[in-house]
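> next come a sequence and a model predicted from it.
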Amino acid sequence: MPWREVLDLYDLLDDASASGESVAAWLRKQGVDDVSVTTVQGDKGSTDFVRAVIPGSRGRLAGGDVPTLGVIGRLGGLGARPERIGFVSDGDGALVALAVAGKLGSMARRGDQLPGDVIVATHVCPDAPTRPHDPVPFMDSPVDVGAMNEHEVEAAMEAVLSVDTTKGNRIVNHHGFAISPTVKEGWILRVSEDLLEIASQVTGRLPAVLPLTMQDITPYGNDVYHVNSILQPCTATAAPVVGVAITTETAVPGCGTGATDLASAESAARFCVEAAKSYGAGTCELFDPADFDRLTSRYGSMRRLQTMGA
(Lines give C-alpha, C1' and ligand atoms only; values in the text may rest on other atoms or scores of the structure.)
Protein backbone atom coordinates (compact mmCIF):
# COMPACT_ATOMS: atom_id res chain seq x y z
CA MET A 1 0.00 0.00 0.00
CA PRO A 2 1.31 3.50 -0.79
CA TRP A 3 0.58 4.85 2.69
CA ARG A 4 4.19 5.83 3.38
CA GLU A 5 4.43 7.59 0.03
CA VAL A 6 1.22 9.54 0.65
CA LEU A 7 2.29 10.55 4.17
CA ASP A 8 5.81 11.55 3.16
CA LEU A 9 4.57 13.51 0.16
CA TYR A 10 1.87 15.32 2.08
CA ASP A 11 4.51 16.52 4.53
CA LEU A 12 6.77 17.53 1.63
CA LEU A 13 4.06 19.34 -0.35
CA ASP A 14 2.44 21.10 2.62
CA ASP A 15 5.20 23.67 2.57
CA ALA A 16 5.35 27.27 1.39
CA SER A 17 8.68 26.46 -0.29
CA ALA A 18 7.56 23.22 -1.99
CA SER A 19 9.18 22.88 -5.41
CA GLY A 20 9.65 20.53 -8.29
CA GLU A 21 13.26 19.96 -7.31
CA SER A 22 12.36 18.89 -3.78
CA VAL A 23 9.82 16.45 -5.23
CA ALA A 24 12.36 15.15 -7.77
CA ALA A 25 14.90 14.54 -5.00
CA TRP A 26 12.30 12.56 -3.03
CA LEU A 27 11.34 10.49 -6.10
CA ARG A 28 14.97 9.60 -6.76
CA LYS A 29 15.26 8.29 -3.22
CA GLN A 30 12.30 6.02 -3.96
CA GLY A 31 14.13 4.49 -6.91
CA VAL A 32 12.77 6.64 -9.75
CA ASP A 33 15.88 7.51 -11.76
CA ASP A 34 14.23 9.23 -14.73
CA VAL A 35 12.82 12.44 -13.24
CA SER A 36 12.82 15.88 -14.85
CA VAL A 37 11.60 19.30 -13.72
CA THR A 38 10.58 22.17 -16.00
CA THR A 39 9.72 25.59 -14.61
CA VAL A 40 7.11 27.47 -16.65
CA GLN A 41 6.19 31.12 -16.19
CA GLY A 42 2.56 32.10 -16.73
CA ASP A 43 0.51 35.28 -16.50
CA LYS A 44 -0.25 34.59 -12.83
CA GLY A 45 3.08 33.25 -11.61
CA SER A 46 5.18 30.15 -12.21
CA THR A 47 4.98 26.44 -11.55
CA ASP A 48 7.28 23.42 -11.74
CA PHE A 49 6.21 20.57 -14.00
CA VAL A 50 7.49 17.22 -12.76
CA ARG A 51 7.80 14.21 -15.07
CA ALA A 52 8.75 10.75 -13.81
CA VAL A 53 9.20 7.60 -15.88
CA ILE A 54 9.13 4.14 -14.34
CA PRO A 55 10.36 1.68 -17.00
CA GLY A 56 8.67 -1.69 -17.42
CA SER A 57 10.37 -5.03 -17.96
CA ARG A 58 8.74 -5.39 -21.41
CA GLY A 59 7.76 -1.79 -22.09
CA ARG A 60 8.46 0.44 -25.08
CA LEU A 61 11.68 1.76 -23.53
CA ALA A 62 13.05 -1.78 -23.37
CA GLY A 63 12.01 -2.46 -26.97
CA GLY A 64 9.00 -4.50 -25.83
CA ASP A 65 5.39 -4.53 -26.95
CA VAL A 66 3.64 -3.66 -23.67
CA PRO A 67 1.78 -0.33 -23.96
CA THR A 68 2.60 2.73 -21.85
CA LEU A 69 0.24 4.12 -19.22
CA GLY A 70 0.17 7.80 -18.30
CA VAL A 71 -0.86 8.99 -14.83
CA ILE A 72 -1.50 12.74 -14.74
CA GLY A 73 -2.08 14.70 -11.55
CA ARG A 74 -4.35 17.63 -12.39
CA LEU A 75 -4.62 20.72 -10.19
CA GLY A 76 -4.41 24.47 -10.10
CA GLY A 77 -1.96 24.54 -7.22
CA LEU A 78 -0.91 22.96 -3.95
CA GLY A 79 -1.59 26.16 -2.04
CA ALA A 80 -3.23 29.57 -2.41
CA ARG A 81 -0.69 31.58 -0.48
CA PRO A 82 -0.84 34.26 0.77
CA GLU A 83 -4.67 34.20 0.59
CA ARG A 84 -4.83 30.78 2.29
CA ILE A 85 -2.23 29.14 4.54
CA GLY A 86 -1.49 25.46 3.98
CA PHE A 87 -2.14 22.64 1.53
CA VAL A 88 -5.43 23.08 -0.33
CA SER A 89 -7.95 20.45 -1.38
CA ASP A 90 -7.01 21.02 -5.02
CA GLY A 91 -3.54 19.62 -4.37
CA ASP A 92 -4.82 16.04 -4.05
CA GLY A 93 -4.26 15.33 -7.75
CA ALA A 94 -0.52 16.00 -7.46
CA LEU A 95 -0.34 14.16 -4.14
CA VAL A 96 -1.88 11.00 -5.60
CA ALA A 97 0.03 11.01 -8.89
CA LEU A 98 3.39 11.55 -7.20
CA ALA A 99 2.59 8.85 -4.63
CA VAL A 100 1.96 6.47 -7.54
CA ALA A 101 5.36 7.32 -9.03
CA GLY A 102 7.08 6.84 -5.67
CA LYS A 103 5.36 3.52 -5.02
CA LEU A 104 6.17 2.15 -8.48
CA GLY A 105 9.79 3.21 -8.06
CA SER A 106 10.01 1.48 -4.69
CA MET A 107 8.36 -1.64 -6.09
CA ALA A 108 10.80 -1.82 -9.00
CA ARG A 109 13.78 -1.41 -6.68
CA ARG A 110 12.51 -4.35 -4.62
CA GLY A 111 12.15 -6.55 -7.69
CA ASP A 112 8.46 -5.95 -8.52
CA GLN A 113 8.91 -4.24 -11.87
CA LEU A 114 5.74 -3.77 -13.89
CA PRO A 115 5.58 -5.11 -17.46
CA GLY A 116 4.87 -1.74 -19.06
CA ASP A 117 6.34 1.74 -18.77
CA VAL A 118 4.44 4.26 -16.65
CA ILE A 119 4.82 8.01 -17.16
CA VAL A 120 3.68 10.23 -14.28
CA ALA A 121 3.28 13.98 -14.80
CA THR A 122 1.97 16.83 -12.66
CA HIS A 123 3.02 20.27 -11.46
CA VAL A 124 4.05 21.79 -8.14
CA CYS A 125 2.93 25.29 -7.17
CA PRO A 126 2.50 26.32 -3.51
CA ASP A 127 1.08 29.79 -4.26
CA ALA A 128 -1.52 29.55 -7.03
CA PRO A 129 -4.41 32.05 -7.39
CA THR A 130 -8.11 31.29 -6.83
CA ARG A 131 -11.16 32.00 -8.99
CA PRO A 132 -14.94 32.05 -8.56
CA HIS A 133 -16.95 28.93 -9.43
CA ASP A 134 -20.41 27.60 -8.63
CA PRO A 135 -21.20 26.03 -6.15
CA VAL A 136 -17.84 26.67 -4.42
CA PRO A 137 -14.65 28.56 -5.38
CA PHE A 138 -12.00 26.80 -7.48
CA MET A 139 -8.25 27.07 -7.52
CA ASP A 140 -6.81 28.84 -10.54
CA SER A 141 -3.36 28.13 -11.94
CA PRO A 142 -0.31 30.21 -12.83
CA VAL A 143 -0.43 28.66 -16.31
CA ASP A 144 -3.32 27.81 -18.59
CA VAL A 145 -4.63 24.35 -19.47
CA GLY A 146 -2.84 24.47 -22.81
CA ALA A 147 0.50 24.69 -21.01
CA MET A 148 -0.54 21.86 -18.68
CA ASN A 149 -1.44 19.63 -21.61
CA GLU A 150 1.80 20.53 -23.37
CA HIS A 151 3.91 19.46 -20.38
CA GLU A 152 1.80 16.61 -19.01
CA VAL A 153 0.19 14.82 -21.97
CA GLU A 154 2.60 12.84 -24.15
CA ALA A 155 2.23 10.94 -27.38
CA ALA A 156 3.96 8.00 -25.66
CA MET A 157 0.97 7.62 -23.32
CA GLU A 158 -1.27 4.96 -24.87
CA ALA A 159 -3.86 5.26 -22.10
CA VAL A 160 -4.26 7.94 -19.44
CA LEU A 161 -5.53 8.10 -15.87
CA SER A 162 -6.18 11.74 -14.96
CA VAL A 163 -6.35 12.27 -11.19
CA ASP A 164 -8.03 15.40 -9.86
CA THR A 165 -9.81 16.68 -6.79
CA THR A 166 -13.51 16.68 -7.74
CA LYS A 167 -15.21 17.92 -4.60
CA GLY A 168 -16.70 21.24 -5.72
CA ASN A 169 -19.96 19.84 -7.08
CA ARG A 170 -23.26 18.19 -6.13
CA ILE A 171 -23.28 15.46 -8.78
CA VAL A 172 -21.15 12.83 -7.05
CA ASN A 173 -21.87 12.57 -3.32
CA HIS A 174 -19.33 9.94 -2.35
CA HIS A 175 -16.46 9.97 0.13
CA GLY A 176 -13.38 8.43 -1.48
CA PHE A 177 -12.76 8.32 -5.21
CA ALA A 178 -14.83 7.79 -8.35
CA ILE A 179 -13.88 6.92 -11.91
CA SER A 180 -15.31 8.50 -15.02
CA PRO A 181 -16.49 6.92 -18.24
CA THR A 182 -13.68 6.56 -20.76
CA VAL A 183 -13.27 9.52 -23.12
CA LYS A 184 -11.59 9.12 -26.49
CA GLU A 185 -11.40 11.61 -29.34
CA GLY A 186 -14.56 13.45 -28.32
CA TRP A 187 -16.58 10.35 -27.51
CA ILE A 188 -17.82 9.59 -23.99
CA LEU A 189 -17.69 5.80 -23.96
CA ARG A 190 -18.96 3.20 -21.51
CA VAL A 191 -17.28 2.91 -18.13
CA SER A 192 -14.48 0.34 -18.23
CA GLU A 193 -15.65 -2.87 -16.59
CA ASP A 194 -12.04 -3.75 -15.80
CA LEU A 195 -11.51 -0.48 -13.93
CA LEU A 196 -14.80 -0.93 -12.07
CA GLU A 197 -13.57 -4.33 -10.91
CA ILE A 198 -10.24 -2.89 -9.78
CA ALA A 199 -12.02 -0.08 -7.89
CA SER A 200 -14.16 -2.63 -6.06
CA GLN A 201 -11.13 -4.75 -5.27
CA VAL A 202 -9.21 -1.78 -3.86
CA THR A 203 -12.02 -0.33 -1.74
CA GLY A 204 -14.03 -3.43 -0.87
CA ARG A 205 -17.12 -1.45 -1.85
CA LEU A 206 -19.28 -0.86 -4.89
CA PRO A 207 -17.48 1.46 -7.30
CA ALA A 208 -18.53 5.08 -7.67
CA VAL A 209 -18.80 6.68 -11.13
CA LEU A 210 -18.36 10.36 -11.96
CA PRO A 211 -21.06 11.53 -14.40
CA LEU A 212 -19.79 13.46 -17.42
CA THR A 213 -21.46 15.89 -19.81
CA MET A 214 -20.35 17.00 -23.26
CA GLN A 215 -19.22 20.31 -21.76
CA ASP A 216 -16.77 18.55 -19.44
CA ILE A 217 -14.74 17.04 -22.27
CA THR A 218 -14.35 20.25 -24.30
CA PRO A 219 -11.34 22.55 -23.87
CA TYR A 220 -11.27 25.18 -21.16
CA GLY A 221 -11.73 28.74 -22.41
CA ASN A 222 -14.77 28.08 -24.59
CA ASP A 223 -17.15 29.82 -22.15
CA VAL A 224 -19.14 26.71 -21.20
CA TYR A 225 -19.45 25.11 -17.77
CA HIS A 226 -17.01 22.34 -16.80
CA VAL A 227 -17.29 20.23 -13.67
CA ASN A 228 -13.52 20.79 -13.36
CA SER A 229 -10.31 20.14 -15.33
CA ILE A 230 -10.17 16.38 -14.76
CA LEU A 231 -10.89 15.51 -18.42
CA GLN A 232 -8.83 18.28 -20.02
CA PRO A 233 -6.09 15.80 -21.01
CA CYS A 234 -8.61 14.19 -23.38
CA THR A 235 -8.53 17.33 -25.53
CA ALA A 236 -4.83 16.81 -26.28
CA THR A 237 -4.57 13.11 -27.14
CA ALA A 238 -6.14 10.33 -29.16
CA ALA A 239 -5.50 7.91 -26.29
CA PRO A 240 -8.38 6.82 -24.04
CA VAL A 241 -8.60 8.93 -20.88
CA VAL A 242 -10.29 8.05 -17.59
CA GLY A 243 -10.74 10.50 -14.74
CA VAL A 244 -9.90 9.35 -11.22
CA ALA A 245 -11.81 11.82 -9.07
CA ILE A 246 -11.09 12.40 -5.38
CA THR A 247 -14.61 12.98 -4.05
CA THR A 248 -16.57 13.96 -0.95
CA GLU A 249 -20.21 13.80 0.14
CA THR A 250 -20.48 17.61 0.34
CA ALA A 251 -19.26 20.39 -1.92
CA VAL A 252 -15.77 21.39 -0.75
CA PRO A 253 -13.91 24.39 -2.23
CA GLY A 254 -10.76 23.58 -4.15
CA CYS A 255 -9.05 26.37 -2.23
CA GLY A 256 -10.18 24.96 1.13
CA THR A 257 -7.39 23.98 3.52
CA GLY A 258 -7.53 21.09 5.98
CA ALA A 259 -9.77 19.28 3.48
CA THR A 260 -7.43 16.52 2.24
CA ASP A 261 -8.50 13.08 3.41
CA LEU A 262 -5.35 10.98 3.31
CA ALA A 263 -7.31 7.71 3.29
CA SER A 264 -9.09 8.81 0.10
CA ALA A 265 -5.77 9.86 -1.46
CA GLU A 266 -4.15 6.54 -0.54
CA SER A 267 -7.01 4.47 -1.95
CA ALA A 268 -6.93 6.47 -5.21
CA ALA A 269 -3.16 5.97 -5.45
CA ARG A 270 -3.58 2.26 -4.76
CA PHE A 271 -6.22 2.08 -7.49
CA CYS A 272 -3.83 3.68 -10.00
CA VAL A 273 -1.04 1.28 -9.04
CA GLU A 274 -3.34 -1.74 -9.45
CA ALA A 275 -4.64 -0.38 -12.76
CA ALA A 276 -1.05 0.03 -13.96
CA LYS A 277 -0.29 -3.57 -13.04
CA SER A 278 -3.33 -4.89 -14.88
CA TYR A 279 -2.95 -2.62 -17.90
CA GLY A 280 0.63 -3.76 -18.40
CA ALA A 281 -0.37 -7.38 -17.93
CA GLY A 282 -3.03 -7.05 -20.63
CA THR A 283 -5.93 -7.76 -18.26
CA CYS A 284 -7.35 -4.22 -18.16
CA GLU A 285 -8.74 -2.25 -21.08
CA LEU A 286 -10.03 1.30 -20.88
CA PHE A 287 -12.26 0.87 -23.95
CA ASP A 288 -13.40 -1.67 -26.53
CA PRO A 289 -11.64 -0.89 -29.86
CA ALA A 290 -14.19 -2.80 -31.94
CA ASP A 291 -17.08 -0.95 -30.32
CA PHE A 292 -15.31 2.38 -30.87
CA ASP A 293 -14.77 1.52 -34.54
CA ARG A 294 -18.47 0.74 -34.94
CA LEU A 295 -19.41 4.08 -33.40
CA THR A 296 -17.08 6.09 -35.60
CA SER A 297 -18.01 4.19 -38.77
CA ARG A 298 -21.71 4.83 -38.15
CA TYR A 299 -21.64 8.33 -36.73
CA GLY A 300 -18.32 9.80 -37.76
CA SER A 301 -15.62 11.63 -35.86
CA MET A 302 -16.24 13.64 -32.70
CA ARG A 303 -12.77 15.18 -32.70
CA ARG A 304 -14.23 18.64 -33.10
CA LEU A 305 -15.06 18.48 -29.39
CA GLN A 306 -11.31 18.37 -28.73
CA THR A 307 -11.00 21.85 -30.28
CA MET A 308 -12.36 25.31 -29.52
CA GLY A 309 -14.96 24.82 -32.25
CA ALA A 310 -16.40 27.61 -34.33
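Okay, I see it. Numbers count the residues shown, from 1 in each chain.
> who touches residue 188 in this structure?
Applying CB atoms under 8 Å, 6 or more residues apart in numbering, one finds that residue 188 lies in contact with 181-182, 212, 214, 217. For every residue, glycine as well, the C-beta is placed using N, CA and C.
> and what of residue 142?
So residue 142 contacts 40-47, 77, 125, 128-129 (CB under 8 Å, 6+ apart).
> bridged to the nearest residue in space to it that is not next to it in sequence, which residues?
Spatially, and ignoring its direct neighbours in sequence, residue 142 is nearest to residue 45 (3.6 Å; CB to CB, 6 or more residues apart in numbering). Beta bridges link residue 45 to residue 42 when assigned by DSSP bridges.
> can you read off the pLDDT for residue 45?
Per-residue confidence (pLDDT) for residue 45: 88.
> from residue 15, how far out is it?
17 Å (CB to CB, to the nearest Å).
> residue 23: what secondary structure?
What DSSP: H, G, I helix; E, B strand; the rest coil gives for residue 23 is helix.
> how much space between it and residue 195?
27 Å.
> how about the lengthiest helix in the chain: buried residues?
Ordering each helix of the chain by length in residues (DSSP state H) puts helix 262-281 first. Across helix 262-281, burial judged by 16 or more other CB atoms under 10 Å covers 264-280.
> pretty sure residue 9 contacts residue 99?
Yes - assessed by CB atoms under 8 Å, residue 9 is found in contact with residue 99 at 5.5 Å.
> more neighbours: which of these two?
Shown here are residue 9 and residue 99; by other CB atoms under 10 Å, residue 99 has more neighbours (30 against 27).
> contacts only, for the more buried one.
For residue 99, counting by CB under 8 Å, 6+ apart, the contacting residues are 2, 5-6, 9, 265-266, 269.
> may I ask which helix or strand encompasses it?
Remark: residue 99 resides in helix 92-109, with elements defined by DSSP states H and E.
> isn't residue 194 up against residue 287?
No - the pair residue 194 / residue 287 is not scored as a contact, 10.1 Å apart, by CB under 8 Å.
> ok, those two, which is more surrounded?
residue 287 (21 against 15).
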